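Asks: Show me how the following folds:
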Amino acid sequence: MGANDALLYSSENGYIEAVNILLTINIGREILNEALHLATQKRHLEIIRALLGVGADPNTRNGKLPYMATSYPEQPEILRALLEAGCEFEDADILFRPSSYGYLEIVRVLLEAGVDPNDWVYDDPLSVACGEGHLEIVQLLLGAGADPNISENALPRASRRGHAEIVQMLLAAGANPNVQRQ
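Replies: Numbering: from 1, shown residues only. Below you'll find the model as predicted:
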């Protein structure tokens, strides 16, 4: 096994000591990037930070790394580390999954990174959070400027599911109570 394979194996399996040793030799950029992908997939935060620290590019997977990291609600630090290293994403729906599944800290990290809660394609994150009853996420999204009338779905979804606190919050934020769902 050569150094490249050893770095990939160690990154995937969480062997930070071996990764640190291997990073002292000349490892090609492509291998660093592949190791970063594997470490992100396996949720090895220390290794992610080490790889980013020596120049692994968080944008080499066509913007997929931040989406992968939004699937790890127990480790928002992974997403934060990628974003702090300049990881970019193009898909406007990056808030959809964490808003739908109730990943509060992931939503918080994305909003802190400047994600616009009103920029969406598939379904708006506020409406999804309202329908699922994720009160704290609704608060975060509204606090970040989410428009309660942008898709005219937030209030009806919260109402139909009996989320009274969210209904009150939406009305206080200016949701139109006369929306006619089609």
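Asks: any idea of the pLDDT on Arg49?
Replies: Arg49 is assigned a predicted lDDT (pLDDT) of 97.
Asks: just checking, what packs against the helix or strand encompassing Ser100?
Replies: Element membership of Ser100, judged by DSSP states H and E, is helix 96-101. Counting contacts by 3 or more CB pairs under 8 Å, 6 or more residues apart in numbering; DSSP states H and E, helix 96-101 is packed against helix 104-112, helix 125-132, helix 135-143. (Each C-beta comes from the backbone N, C-alpha and C, glycine too.)
Asks: Take those helices and lay them out in TSV including distance to Arg43.
Replies: As requested, the helices and strands packed on helix 96-101 are exported to TSV (distance: least, CB to CB, whole Å):
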stretch	distance to Arg43
helix 104-112	13
helix 125-132	23
helix 135-143	22
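Asks: domain ranges for the chain?
Replies: 1-88, 91-182 (automatic domain parsing).
Asks: where's Ile47, which helix or strand?
Replies: Counting by DSSP H and E, Ile47 is found in helix 45-53.
Asks: Report the buried residues of that helix.
Replies: The neighbour-count check on helix 45-53 (16 or more other CB atoms under 10 Å) flags 45, 47-52 as buried.
Asks: Check stretch 173-181 too.
Replies: Neighbour-count burial for stretch 173-181 flags 173, 175, 179 (criterion: 16+ other CB under 10 Å).
Asks: Then stretch 119-126?
Replies: Residues of stretch 119-126 classed as buried by neighbour count (16+ other CB under 10 Å): 120, 123-126.
Asks: Show me what the lowest-mean-pLDDT helix or strand in the chain packs onto, helices and strands only.
Replies: Here the helix or strand of the chain ranked lowest by mean pLDDT, DSSP states H and E is helix 64-69, holding a mean of 72. Helix 64-69 sits against helix 29-41, helix 76-84, with contacts defined as 3+ CB pairs under 8 Å, 6+ apart.
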